[in-house]
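Trainee: one predicted model, sequence on top.
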Amino acid sequence: MTEYIELLKREVKPAFGCTEPIALAFAAAKAAELLGVRPDHIHGRLSGNIIKNAKSVTIPNSEGRTGIYYSLILGTLVGTAAKELEVLEDLTHDQVVEADRLFEADYCDIELAEGVENLFIEVTAVAGEHTSKVIVQNTHTTISYAEKDGEVLIALSAEEVAKHSMELCFDSCYEFASTVDAKELEDILGPQLDLNMAIAEEGMKNNYGSNIGKLIISNSSSIADKARAYAAAGSDARMDGCSMPVMINCGSGNQGITLSVPIMMYAKEYGIDRDHTLRSLALANVLALYIKQYIGRLSAYCGVVSAASATAAGVAFLLNESKEVVWETLSNALAGTSGVVCDGAKASCAMKIGMSLGNSLLAYTQAKTDNSFKAGQGIVKEDIDHTVQTVATIAREGMKQTDVVILETMLEK
């Protein structure tokens with residue numbers, strides 16, 4: 001039980017802005033901090049998935065600035081590395097103006113890092129004869145290596161980088177959610193419900209991105225469509241630079257929104273008490289982490305698809321369905337939508353959230369009406385753990401070349 005609580009504490013935490021550009025800012029802030037002065041120049045070596053996810057998204061408080069270069073530059077200007085994924089929270093207009101000047105002056109350059117993990121950021125900062133280097137990998141705030149003027153300050157082994165990983169399975173996730181004391185969840189998951197619902201409401205009130213949330217709800221006001229509309233609206237706002245914080249899951253704000261907003265909407269609709277709502281959200285969060293432990297944090301597989309699948313299972317649990325219906329919901333959802341590609345963080349993430357949640361909530365209806373997909377039909381296996389592992393193999397191994405082609409396409413001018 002304690003191990004799961006610690007897992008949630010590590011993975012469900014606040015982030016100010018989309019996590020890939022913020023991770024870039026965090027790494028740059030740390031490199032500048034080690035240097036002790038503002039760098040004269042910074043250089044980034046980045047994995048393809050970091051480039052893909054940071055390329056197009058709007059940086060909060062940046063007055064509309066987007067992308068990799070600005071993320072790194074702003075990190076050196078304003079960043080306090082101790083704030084981790086909230087590193088750009090105090091960004092000012094003057095700093096944005098200075099970032100514009102540095103951008104035009106080629107203050108920063110980047111290159112693609114080959115043969116590294118999907119989540120890999122290396123920032124080298126130079127000031128006169130002094131240099132610093134920081135490497136972030138595996139998670140958005142794990143500094144695996146740091147040096148100043150050639151002196152190694154941090155050098156984690158592969159085991160140390162991955163030290164917090166734990167093997168999950170469906171039964172253990174379900175057992176945790178069924179037996180955990182909800183009081184232990186309030187401080188961790190209460191903010192996920194409250195903060196993520198707040199940005200969803202903001203997305204519905206004002207114009208952000210392509211207004212996918214508003215478009216969904218304009219056609220239907222069913223609880224399923226309201227749930228997916230509000231989740232999509234949260235992403236509309238987040239991807240368009242809204243400065244409100246979000247509680248993430250597996251390093252992703254969009255996944256955190258996808259997991260929490262629909263459960264909050266269903267809980268309100270059906271008058272579910274706070275304790276059971278928190279346990280249901282706990283199940284959704286750990287199931288999402290369970291799926292991603294095999295897929296990896298960044299890949300060609302769209303993360304909101306796996307998150308939405310876990311969310312629908314959480315909704316089934318919230319509405320007191322049987323364990324069989326909960327796992328069949330997860331299986332149906334994964335079978336129906338797996339294969340949606342990730343082409344980076346940007347406005348269309350909201351559409352993928354809406355689509356994935358729509359499919360996943362249909363998968364719940366399938367399960368509770370005894371219409372689930374059967375083992376042997378496509379990628380569906382005899383038990384849910386085998387199905388999850390199959391989906392992960394397709395995502396991790398089968399979609400490797402897909403990831404390369406997506407990146408090449410995105411880098412075309």
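Mentor: Thanks, I have the structure now.
Trainee: tell me the SS of residue 110?
Mentor: strand (DSSP: H, G, I helix; E, B strand; the rest coil).
Trainee: show me the contacts for it.
Mentor: 43, 44, 45, 46, 51, 68, 69, 72 (C-beta atoms under 8 Å, 6 or more residues apart in numbering). C-beta: built from backbone N, CA, C; applies to glycine.
Trainee: where's the dip in pLDDT among those residues?
Mentor: Minimum pLDDT for the contacts of residue 110 is recorded at residue 51 (91).
Trainee: worst-scoring helix or strand of the chain, pLDDT-wise?
Mentor: One helix or strand of the chain scores below all others by mean pLDDT, DSSP states H and E: helix 158-161, with a mean of 78.
Trainee: which helix or strand lies directly C-terminal to that one?
Mentor: Using DSSP states H and E, the next helix or strand after helix 158-161 towards the C-terminus is helix 170-179.
Trainee: mind listing what's buried in stretch 384-403?
Mentor: 384, 385, 387, 388, 390, 391, 392, 395, 396, 399, 402, 403 (16 or more other C-beta atoms under 10 Å).
Trainee: of all these, which comes closest to residue 301?
Mentor: Minimum separation from residue 301 among those (C-beta to C-beta) is found for residue 395, which lies at 3.5 Å.
Trainee: I'd like to know how far that closest one sits from residue 210.
Mentor: 26 Å (C-beta to C-beta, to the nearest Å).
Trainee: any idea which residue is closest to the centre of the chain?
Mentor: residue 252 (1.1 Å; C-alpha atoms, centre = their mean).
Trainee: excluding chain neighbours, give the residue nearest to that residue in space.
Mentor: Take residue 252 and drop its neighbours on the chain: the residue closest to it by C-beta to C-beta, 6 or more residues apart in numbering is residue 303, 5.4 Å away.
Trainee: the one you found: how many residues sit nearby?
Mentor: Around residue 303 there are 29 other residues, counting by other C-beta atoms under 10 Å.
Trainee: about what we covered before: which residues touch the residue nearest to the centre of the chain?
Mentor: Counting by C-beta under 8 Å, 6+ apart, the residues that residue 252 touches are 19, 297, 303, 304, 307.
Trainee: how about the strands in the chain?
Mentor: 14-15, 41-46, 108-112, 120-127, 130-137, 143-148, 151-155, 246-247 (DSSP state E).
Trainee: just the angle between the third one and strand 120-127, please?
Mentor: Using axes from the mean of the first three to the mean of the last three C-alpha atoms, to 10 degrees, the interaxial angle of strand 108-112 with respect to strand 120-127 works out to 150 degrees.
Trainee: in strand 108-112, what's buried?
Mentor: For strand 108-112, by 16+ other C-beta under 10 Å, it's 108, 110.
Trainee: could you dump that strand to PDB, C-alpha only?
Mentor: C-alpha atoms of strand 108-112 as PDB (Å, rounded to 0.1, in the frame of the first residue of the first chain):
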ATOM      1  CA  CYS A 108      20.800  28.900 -28.600                       C
ATOM      2  CA  ASP A 109      21.400  26.000 -31.000                       C
ATOM      3  CA  ILE A 110      20.100  22.500 -30.900                       C
ATOM      4  CA  GLU A 111      20.800  19.100 -32.400                       C
ATOM      5  CA  LEU A 112      19.100  15.700 -32.500                       C
END
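Trainee: strand partners (parallel or antiparallel) of that strand?
Mentor: Applying DSSP bridges, strand 108-112 is found paired with strand 41-46 (parallel).
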